[in-house]
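J.: compute the structure for the input listed below.
(chains A and B)
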2 protein chains.
Amino acid sequence: MKEKLTVIKVGGKIVEEEATLLQLLNDFAHIEGYKVLVHGGGRSATKIASSLGIESQMVNGRRITDKEMLKVVTMVYGGLVNKNIVAGLQARGVNALGLTGADMNVIKSVKRPVKDIDYGFVGDVKKVNGEFLADIIQKGIVPVMAPLTHDGEGNMLNTNADTIAGETAKALAHYFDVTLVYCFEKKGVLRDENDDDSVIPSIDEPTFKQLVADGVIQGGMIPKLENSFEAINAGVKEVVITLASAIADEEEGTRIK
Amino acid sequence: MKEKLTVIKVGGKIVEEEATLLQLLNDFAHIEGYKVLVHGGGRSATKIASSLGIESQMVNGRRITDKEMLKVVTMVYGGLVNKNIVAGLQARGVNALGLTGADMNVIKSVKRPVKDIDYGFVGDVKKVNGEFLADIIQKGIVPVMAPLTHDGEGNMLNTNADTIAGETAKALAHYFDVTLVYCFEKKGVLRDENDDDSVIPSIDEPTFKQLVADGVIQGGMIPKLENSFEAINAGVKEVVITLASAIADEEEGTRIK
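T.: Presented below is the predicted three-dimensional model:
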C-alpha cells in the first residue's frame, strides 16, 4: 500500500499577511505524513512592482510577465515569500526545502505560445520530475514550491500556482496516495453563493456536470473543478477545496472524488 | 581516497552583469568533479533597495540589515540572483539546486550580538550541515548557495558570502578533498599592488606572516588570507584566490596551502 501524501496549495493572500501566514505555518506543521506546500504571492508581486514603478497588467486574472515583471516575480515568489515560509517551517520542526521548477530541474515548462495575448515569460508545465520529488520527500524533506518554473534554456517562467499544485499531485500519485488541497476564500464549493454555510460536502463527476447544467456551479469554480477531476482521473486520490484555516480538518470543505 | 570537490565563491559584481555571469556559468559548468557555487549580490540589493526608497547603510563594508533591508536581500539574493544562476546552470546541464541556509536547515546562524554597532538581521554562522550537503552532492546535485542563513526561530539572516564559502568548505572537508576558490577582482595576491602581473603564486603561513611584517600584504587582504589559513587548518586542501575568469584554470591565481 502506498503511503499518504498531502499537497496543499495556498494563495498569495494567506502567505502574505503575518497573522494568516502564522496560522498556516502552525496548521501545516501539524499535518501528519508526507506533505508538499505550493504557494502563490501575486499581491506582494503587485505591491513591490508598483513600488519599483512597474505596472501590473492582468488578463483573465493572469499576469502579463515582461522581462521586468519576471525579475519581480522571481524575487518575490522565489525569494521573499518562499524563504519566509521555509524559515517559518524550519522553526516548527518541518524540514522544508524551497524550490522553483529550475531547482534540480523539478518542473520544466514551455513559454506560453502567443495567440491573442502575449503573456510574456509565463510557463505551461511540460514535465514534473515526480521520481526525484518522491525521493526527497521519502527522506523527510518537505518541498515548498514557488509558482516559478524554467524552460531549460536559462529562463525562469512565471507559472500558475494551482497548475503547479495539480501537476505535482499527479506526478506524485505514482508514488503516494495523494490528497490535493486547494485553499479557498470560502468554506468550499457552495450550493448558494450568498450562503457561506451551503457547502457541498462531496462532488463526483456526474454530480458536477448536473450542478453546472443547473447553474449552481459557475464562473471560476468550473475550471477549478475541471482541473480537480483531471487530477482524480490521473490517479490523485482526493481533491479538497476548503478554507486555509481548515487544512488540517478532515471534516471541512468540498471533497472531489 | 576522498574525491575532489571545488567550492567557488563569486561576488555580486560577477553574477549581476549579464556578460560576466554568462562567462561564469560557462566556466563553472566546465569544472570537473563535485562542485558548489556560493554567490553574493550586494550591488543588486543596493540598487533595488534604492528603487524601493530604502537607503543602504554600510559599516566596514558590511550591510546594516534592518527589517526592510532583510526583505530586500531575501528577495534579491534568494530569489533574483540565485534563481537566475540556477536556471542558467540547468541550461548547461548542471543539476543546480538553489539554497539558503534555511532550506533543509543547511546553515544555522546566530543573529550578530550588538556591540558597538547593531548590524540588524545579520547572521554569524553556527553550524553547516555538511553530512546532508555531502549526501546531495554525491547524488550529482550542485548546490548554489545564496548569502542567507536562518536562526532556527523563523528569521532569515543576511550572511557574508565569503564566510558561507569558508564554513561550507570546512564542513565538506570531512567528506571530500576540498579546493576553495575565492574569485577576486585581481589576478591573485599581488607583491606590488600597482602591478597586476606581480601575482604571488603560492603562500604558506610563515611566508604570509613575513609578507605582512614586510608590509607587502595589507588591508582587506589580511583577513581574507587569515580566513584561508583557518580553512586549511580545518582540513580544506587548498585555497585559491584568483580572477573569476580563471576559475577553471589551475595555473592562475594565488594558492594557499
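J.: the residue in the stretch 101-250 of chain A that chain B sits nearest to: neighbouring residues, count only.
T.: Using CB to the nearest CB, the single residue of the stretch 101-250 of chain A nearest to chain B is residue A:154, 3.8 Å away. Just so you know, the C-beta spots here come from the backbone N, C-alpha and C atoms, and that holds for glycine as well. Residue A:154: 17 surrounding residues under other CB atoms under 10 Å in any protein chain shown.
J.: now it: phi and psi?
T.: For residue A:154, the backbone dihedrals (degrees, to the nearest 10) come out as phi 100, psi 0.
J.: so what's it up against?
T.: Applying CB atoms under 8 Å, 6 or more residues apart in numbering or on different chains to residue A:154 gives the contacts B:87, B:88, B:90, B:91.
J.: what do you get for residue A:142?
T.: By CB under 8 Å, 6+ apart, the residues touching residue A:142 are A:34, A:35, A:36, A:37, A:89, A:94, A:95, A:96, A:97.
J.: which among those residues gets closest to chain B?
T.: Minimum distance to chain B across the contacts of residue A:142 is 4.9 Å, recorded for residue A:97 (CB to the nearest CB).
J.: check which helix or strand the closest one maps to.
T.: strand A:96-99 (DSSP states H and E).
J.: neighbouring strands - and their directions - for that strand?
T.: With DSSP bridges as the test, strand A:96-99 is paired with strand A:142-145 (parallel).
J.: average pLDDT for the strand it pairs with?
T.: Mean per-residue pLDDT for strand A:142-145: 98.
J.: stretch A:52-62 too?
T.: Mean pLDDT, stretch A:52-62: 90.
J.: is any residue of that stretch near chain B?
T.: Yes - applying CB under 8 Å from any CB of the partner chain, one finds that stretch A:52-62 is in contact with chain B at A:52, A:53.
J.: what about that stretch, distance to the chain center?
T.: Relative to its chain's centre, stretch A:52-62 lies at 20 Å (CA atoms, centre = their mean, to the nearest Å).
J.: go through it and flag the buried ones.
T.: A:52, A:54, A:56 (16 or more other CB atoms under 10 Å in any protein chain shown).
J.: again, but for stretch A:218-234
T.: Under the neighbour-count rule (16+ other CB under 10 Å), stretch A:218-234 has A:221, A:224, A:225, A:227, A:228, A:229, A:231, A:232 buried.
J.: who touches the helix or strand of chain A with the lowest mean pLDDT?
T.: Lowest mean confidence among the helices and strands of chain A (mean pLDDT, DSSP states H and E): helix A:12-16, at a mean of 83. Identification of contacts with helix A:12-16 by CB under 8 Å, 6+ apart yields A:20-21, A:24, A:39-45, A:81, A:84-85, A:183, A:185, A:244.
J.: check contacts around residue A:133.
T.: Residues in contact with residue A:133, defined by CB under 8 Å, 6+ apart, are A:36, A:106, A:143, A:168, A:171, A:172.
J.: repeat the analysis, applying 10 Å as the threshold.
T.: Residues in contact with residue A:133 (CB atoms under 10 Å, 6 or more residues apart in numbering or on different chains) are A:5, A:36, A:99, A:104, A:106-107, A:141, A:143, A:145, A:168, A:171-172, A:175.
J.: now do the end-to-end distance for stretch A:214-222.
T.: For stretch A:214-222, the first-to-last residue distance is 13 Å (CA to CA, to the nearest Å).
J.: scratch that, stretch A:95-111
T.: End-to-end distance of stretch A:95-111 (CA to CA): 32 Å.
J.: go on, stretch A:109-128?
T.: Start and end residues of stretch A:109-128 are separated by 9 Å (CA to CA).
J.: closest point of chain A to chain B, which residue?
T.: Counting by CB to the nearest CB, chain A gets nearest to chain B through residue A:79 (2.3 Å).
J.: wait, is that residue part of a helix?
T.: Yes - under DSSP: H, G, I helix; E, B strand; the rest coil, residue A:79 sits within a helix.
J.: so how far is residue A:124 from residue A:144?
T.: Residue A:144 is 22 Å from residue A:124, where distance means CB to CB, to the nearest Å.
J.: likewise for residue A:156?
T.: Counting by CB to CB, the gap from residue A:156 to residue A:124 is 14 Å.
J.: so how far is residue B:203 from residue A:100?
T.: Residue A:100 sits 40 Å away from residue B:203, going by CB to CB.
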